[in-house]
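1. fold the following and give me the result.
(chains A and B)
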Amino acid sequence: MSAFAKFRISELVSGTILDTQVAVQGWVRNKRESKNVVFISLNDGSTIQNLQVVGDPVHLGETLLRKINSGASLTVEGTIKASQGKGQKVELEASQIKVDGEADPEKYPLQPKKHSLEFLREIAHLRPRSQTFGAVFRLRHAMIFATHQFFNERGFFNIHTPIITGSDAEGAGEMFRVSTLDGLKPPLDDEGEIDHSKDFFGKETNLTVSGQLEAEAFAQSMGLVYTFGPTFRAENSNTSRHLAEFWMIEPEMAYYDLNDNMGLAEDFLKYLVDYALKHYADDLEFLNDRGIREEHQKPQHQRQELNLIERLKLVSDYQFERINYTQAIDILKNSKPNKKGKFQFPIDGWGIDLQSEHERYLVEKCFKRPVIIYDYPKDIKAFYMRSNDDGRTVAAMDVLFPIIGEVIGGSQREERMGQLLARMKEMDIPEKDLWWYLDLRRFGSVPHSGFGLGFERLVQFVTGMTNIRDVIPFPRTPGNAEF
RNA sequence: UCCUCCUUAGCUCAGUUGGUUAGAGCGUCUGACUGUUAAUCAGUAGAUCCUUGGUUCGAGUCCAAGAGGAGGAGCCA
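-> Predicted structure coming up:
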């Protein structure tokens, strides 16, 4: 079976290769059989498109045909020809088919019909064989690749920050403890507390909730750096936007102020969306149609105004609206829903944190494009954000997208030792754990900025998937670590 | 963690006021037919009605607790 050159289906469907003998390997999506001819839809994951394999039932034989069921894996040899039927440019006229792995049709759970996303989530090991998840995970790859390409083009260096961390001062939520101590009989100290000095690292350790602080060390040596790694939050969050294990991209830039930071965030997001539109048009088209069909199931008032591709073009074609927190509060205070009491959390004054409903109003109703809000009240933001001269705000910024809300959160970092120490004291952050972080202000401190992008939320936006569990291969959520 | 809703065949769902033998479409299987496109036509098989307990002469249906799932909120990315 190795006489012919192997091709992936993505190389064949365009129709540039014709009347050539090839070998193709993949999984059967569907088989349509009759007395004189058999059609097999074959997919190898390289593209959303299936290759139509055409066979002569007499030549192939009944024993072989019985084994060619949905889900079976095949090696097919034959000749690529212009298709006689409609719906595809080329088809593979099979001279020989080998069944590499059978799939019992009584038991194989994927059928050539629409399945619910909830059902597919229960068979996460098989769902990438479906059209929707094939498209989602090709686009996920595209966003990973485009991220590295974007930063590389701009002279950034990728830094692997630690996954096991000894500092719990990041203040970004509950952490997962990492320990090799005996869970039933841990060594105790004189006070009867767990003696962490006996643990593997000689201290209490956790899975990282952010690589930012470590990335800052590299920004203040290599200038422009970014991390792209797993992140863990032990929050009991049960929503379509949260995972216990997710991936985060965190660029950190020396000599960038908040404006430079916002500019980079906008350029980055536009680059990613453009990359998807340019290189993954057929997957996006499929997901776009899928989204339109889903929308039709909903009552009129719940439907999206724009379809997926229109939403992507909104990001790529328009400048993001930039307003500061104070302006945002003014707009919200005077907005129709606020005056009519439609907000669940009415806006009555300066200083409160914006709720999901407020962010969505600004993005989807007021400006109808991505919005960056900056200069937030210091009391609702982290200790490391740079204090503004007004004494009440910090140089923070959030990028808000339609539907998914906050996709990026960032800030200019506090580079002045005095101000940083004062903020840490105000917020009860212990200095001793962050001695090295303070050293960065002690020795050659420079103004710098950075942001964090929740990768799965970006993939949600680009694919139009409404549940974050459907854009990561094997989701980890409270009570669920199957696979 | 809070609020609301859901759980019936492999999948998607219907099931009246509590009443005899729980239905459909798709899929599977069998057969027919056809260069088919989630093929078409005919037929077959397929059910722990989420679990436990309760009310009742009688529970898929009513009540309670639990499990799982979805949507929204909070936390956040």
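
2. list the buried residues of stretch A:55-74.
-> For stretch A:55-74, the neighbour count (16 or more other C-beta atoms under 10 Å) marks A:55, A:60, A:64-65, A:68-74 as buried. Any C-beta I mention is one placed from the backbone N, CA and C, and that applies to glycine too.

3. please list which of the residues you listed are also close to RNA strand B.
-> Restricting the buried residues of stretch A:55-74 to those near RNA strand B by C-beta under 7 Å from any atom of the strand leaves A:69-70.

4. among the buried residues of stretch A:55-74, which ones are in strands?
-> In strands, defined here by DSSP state E, the members of the buried residues of stretch A:55-74 are A:55, A:73-74.

5. contacts only, for the residue lying closest to residue A:224 once chain neighbours are set aside.
-> In this structure, residue A:224 finds its nearest non-sequential neighbour in residue A:156, 4.4 Å apart by C-beta to C-beta, 6 or more residues apart in numbering. Contact analysis of residue A:156 by C-beta atoms under 8 Å, 6 or more residues apart in numbering lists A:224-226, A:251.

6. residue A:156 and residue A:225, how far apart?
-> To residue A:225, residue A:156 is 6 Å away according to C-beta to C-beta, to the nearest Å.

7. what's the answer for residue A:337, then?
-> Counting by C-beta to C-beta - residue A:337 and residue A:225 are separated by 42 Å.

8. which one of those two is surrounded by more residues?
-> residue A:225 (26 against 15; other C-beta atoms under 10 Å).

9. contacts for stretch A:77-91, please.
-> A:1, A:3-4, A:12-15, A:17-23, A:49-54, A:92-97.

10. so where's chain A uncertain?
-> A:1-2, A:168-172, A:299 (pLDDT under 70).

11. run the last query once more with 80
-> In the predicted model, chain A carries pLDDT under 80 at residues A:1-3, A:167-173, A:297-303.

12. break it down into its domains, please.
-> A:5-109, A:131-173+A:209-320+A:369-470 (automatic domain parsing).

13. okay, these, which one's buried deepest?
-> domain A:131-173+A:209-320+A:369-470 (a mean of 18; mean count of other C-beta atoms under 10 Å).

14. count of residues packed around the residue in the stretch 101-250 of chain A positioned nearest to RNA strand B?
-> Residue nearest to RNA strand B within the stretch 101-250 of chain A: residue A:113 (3.0 Å; C-beta to the nearest atom of the strand). Around residue A:113 there are 6 other residues, counting by other C-beta under 10 Å.

15. and it, which of the three is it?
-> coil (DSSP: H, G, I helix; E, B strand; the rest coil).

16. who are the contact partners of it?
-> Counting by C-beta under 8 Å, 6+ apart, residue A:113 has no contacts.

17. what separation do you get for it and residue A:130?
-> For residue A:113, the distance to residue A:130 - C-beta to C-beta - is 11 Å.

18. ok, residue A:95 next?
-> Residue A:95 is 30 Å from residue A:130, by C-beta to C-beta.

19. can you give me the strands for the stretch 151-300 of chain A?
-> All strands of the stretch 151-300 of chain A, identified by DSSP state E, counting those that start in this stretch, fall at A:157-158, A:164-165, A:177-178, A:205-207, A:224-232, A:245-254.

20. got the phi and psi for the residue lying closest to residue A:52 once chain neighbours are set aside?
-> Using C-beta to C-beta, 6+ apart and skipping residues adjacent in sequence, the residue nearest residue A:52 is residue A:91, 4.2 Å away. Backbone torsions of residue A:91, given as degrees, to the nearest 10, read phi -140, psi 160.

21. touching, residue A:195 and residue A:185? I think so.
-> No. Applying C-beta atoms under 8 Å, one finds residue A:195 not in contact with residue A:185, separated by 11.7 Å.

22. between those two, which is the more surrounded one?
-> For residue A:195 versus residue A:185, neighbours defined as other C-beta under 10 Å are more numerous around residue A:195 (14 against 7).

23. residue contacts, that one?
-> Taking C-beta under 8 Å, 6+ apart as the criterion, residue A:195 is in contact with A:186-189.

24. partners of the nearest residue to residue A:362 once chain neighbours are set aside in the sheet?
-> Nearest non-adjacent residue to residue A:362, counting by C-beta to C-beta, 6+ apart: residue A:371, 5.2 Å away. Taking DSSP bridges as the rule, residue A:371 bridges to residue A:321, residue A:400.
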